[in-house]
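Undergrad: just need the structure, nothing else, for what follows:
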Amino acid sequence: MTSTAQAPQSGAGTAHPEHLGHVIFIAAAAAMGGFLFGYDSSVINGAVEAIRDRYDVGSAALAQVIAIALIGCAVGAATAGRIADRIGRIRCMQIAAVLFTISAVGSALPFALWDLAFWRIIGGFAIGMASVIGPAYIAEVAPPAYRGRLGSFQQAAIVVGIAISQLVNWGLLNAAGGNQRGKLLGIEAWQVMLGVMVVPAVLYGLLSLAIPESPRFLLSVGKRERAKEILAEVEGTGTDLGARVTEIENAMKSEHRSTFKDLLGGGFFFKPIVWVGIGLSVFQQFVGINVAFYYSSTLWQSVGVDPTQSFFYSFTTSIINIVGTVIAMIFVDRIGRKPLALIGSVGMAVGLALEAWAFSHPLVDGKLPHAQGLTALIAAHVFVLFFALSWGVVVWVMLGEMFPNRIRAAALGVAAAAQWLANWAITASFPSLADWNLSGTYVIYTVFAALSIPFVLKFVKETKGKSLEEMG
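TA: Have a look, this model is predicted:
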């Protein structure tokens, strides 16, 4: 309670840094991990059919190779909080950058299917780390007045990464004459697609050298003066730095390094707030958003669209994703997290229901009838738009700020791990479910979008405008 009482005295809640551009650069650099997260997650979209053909595997085995990276993501997410508490947020980012680079090189030059899967696990571990450390770091360095918008940088970077990966894939496919297995630079086109990630991975490592450590971590290791310097940079000289440091230290006094054990309690294994975080993570994935980015090319080809055009549709979906994310960044601090989530849930349910209807019609000459094909294409873009302007941003912002200080790192790790496991479940099951009944698969996603509405109304609390110390 001490930290809550002192919050107004420091002026943190209304802090406006003199050099906002510098704060934006810091947040953007940290969010570069999100770019890699989006790029690595989506780049495999361009390689799915080539991998199926080269290694002659069925839908179930192919799904495991695609989805196995998500197991690495879950492990990386679960351990990143502890690593960041021990060695710092910046070092954690640098480890992720190295792992991203190794994964990109290995994935581009696999000897067999098993080692491609191995390199994807390594990349997944890096994605998991980036998914935790990005929003946590940004939440810790951002002034409360700007935290929602700066926290949105993580999701903005993810969607830009997705879009760039689709654009690169489309360009490489055209360079290879429309053949995913066509030769480029002495290897097959899909291998080049996976290898290009070396460039942003190295850039992420370099940017991590140019941004400061989190003030909260510095205070946790006794570097009080350095923490003050960084607080002055990011919150402005108008903030009472002494009171601000005291505020953070008082909040930390009741803390110890958060562990899994700290999350237990409340009668249902975890504390209620942890379950809310897990619920947000699971609903974000169970609406099937990553099907749109892992399998969209395959999906469109399955209903009669030619490969080059299917890659182009994947790119246009990614552009809609960016547009929605920009909308969310504009409104997340203005109208709040809950209203955006509710708007998005309704829009997603409508879009998914229309896709389910369109895919329920039998193919004619290997293609959907014109009306249903057009409906499916528009509905897919509507679904992605409403996801991006709501759950895509809101969940990452809330996971970075909703937990009490004493359990934040561990709770964020568990929630992010749950998100990756849910992502794995959707990604691994989609090819088999689609073989069973594509329309039925989209009905399942529609149901989860609809169920997210009462979940938000009943369990999710608004965090707009509160300092992290006010969260408990």
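
Undergrad: low-confidence ranges, the stretch 351-472 of the chain, go.
TA: Low-confidence regions of the stretch 351-472 of the chain, defined here as pLDDT under 70, cover residues 465-472.

Undergrad: with adjacent residues omitted, what lies nearest to Lys464?
TA: Counting by C-beta to C-beta, 6 or more residues apart in numbering, Gly336 is the residue found nearest to Lys464 once chain neighbours are left out, at 4.3 Å. C-betas here are computed from N, CA, C, even on glycine.

Undergrad: I'd guessed that neighbour sits against Lys461; true?
TA: No - contact between Gly336 and Lys461 fails when scored by C-beta atoms under 8 Å: they sit 10.6 Å apart.

Undergrad: show me what counts as buried in the helix or strand harbouring Ala251.
TA: Assessed by DSSP states H and E, Ala251 sits inside helix 241-253. Under the neighbour-count criterion of 16 or more other C-beta atoms under 10 Å, helix 241-253 has 241, 243-248, 250-252 buried.

Undergrad: can you tell me which of those residues is closest to Gln285?
TA: Closest approach to Gln285 among these (C-beta to C-beta): Ala251, at 31.3 Å.

Undergrad: from Ala80, how far out is the closest one?
TA: 21 Å (C-beta to C-beta, to the nearest Å).

Undergrad: ok, now Val192?
TA: Using C-beta to C-beta, Val192 is found at 30 Å from Ala80.

Undergrad: quick one: neighbours of Val443, just the number.
TA: When counting by other C-beta atoms under 10 Å, one arrives at 16 neighbours for Val443.

Undergrad: which stretches of this structure form strands?
TA: Taking DSSP state E as the test, the strands found in the chain are 183-184, 187-188, 264-268, 270.

Undergrad: top helix in the protein by residue count?
TA: helix 408-459 (DSSP state H).

Undergrad: now the helix holding Ala251 - C-alpha only, CSV.
TA: In CSV, the C-alpha atoms belonging to helix 241-253 read as follows (Å, rounded to 0.1, in the frame of the first residue of the first chain):
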residue,chain,number,x,y,z
LEU,A,241,13.5,11.4,-9.1
GLY,A,242,14.2,10.8,-5.4
ALA,A,243,10.5,10.2,-4.7
ARG,A,244,10.2,8.0,-7.8
VAL,A,245,13.2,5.9,-6.8
THR,A,246,11.8,5.6,-3.3
GLU,A,247,8.4,4.6,-4.7
ILE,A,248,9.9,1.8,-6.8
GLU,A,249,12.1,0.7,-3.9
ASN,A,250,9.1,0.6,-1.5
ALA,A,251,7.2,-1.5,-4.0
MET,A,252,10.2,-3.8,-4.3
LYS,A,253,10.7,-4.2,-0.6
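
Undergrad: who are the packing partners of that helix?
TA: helix 2-10, helix 215-220, helix 224-235 (3 or more C-beta pairs under 8 Å, 6 or more residues apart in numbering; DSSP states H and E).

Undergrad: just give me the lowest mean pLDDT stretch among the ones you listed.
TA: Of all the helices and strands packed on helix 241-253, the minimum mean pLDDT falls on helix 2-10 (a mean of 41).

Undergrad: residues near the nearest residue to His22 once chain neighbours are set aside, how many?
TA: Excluding its sequence neighbours, the residue lying closest to His22 (C-beta to C-beta, 6+ apart) is Glu233, at 6.4 Å. Residues lying near Glu233 (other C-beta under 10 Å) number 18.

Undergrad: thought Phe25 was touching Glu233, still the case?
TA: No - the pair Glu233 and Phe25 fails to qualify as a contact (C-beta under 8 Å) at a distance of 10.7 Å.

Undergrad: from Ile187, how far out is Ala63?
TA: Distance, Ala63 to Ile187, using C-beta to C-beta: 24 Å.
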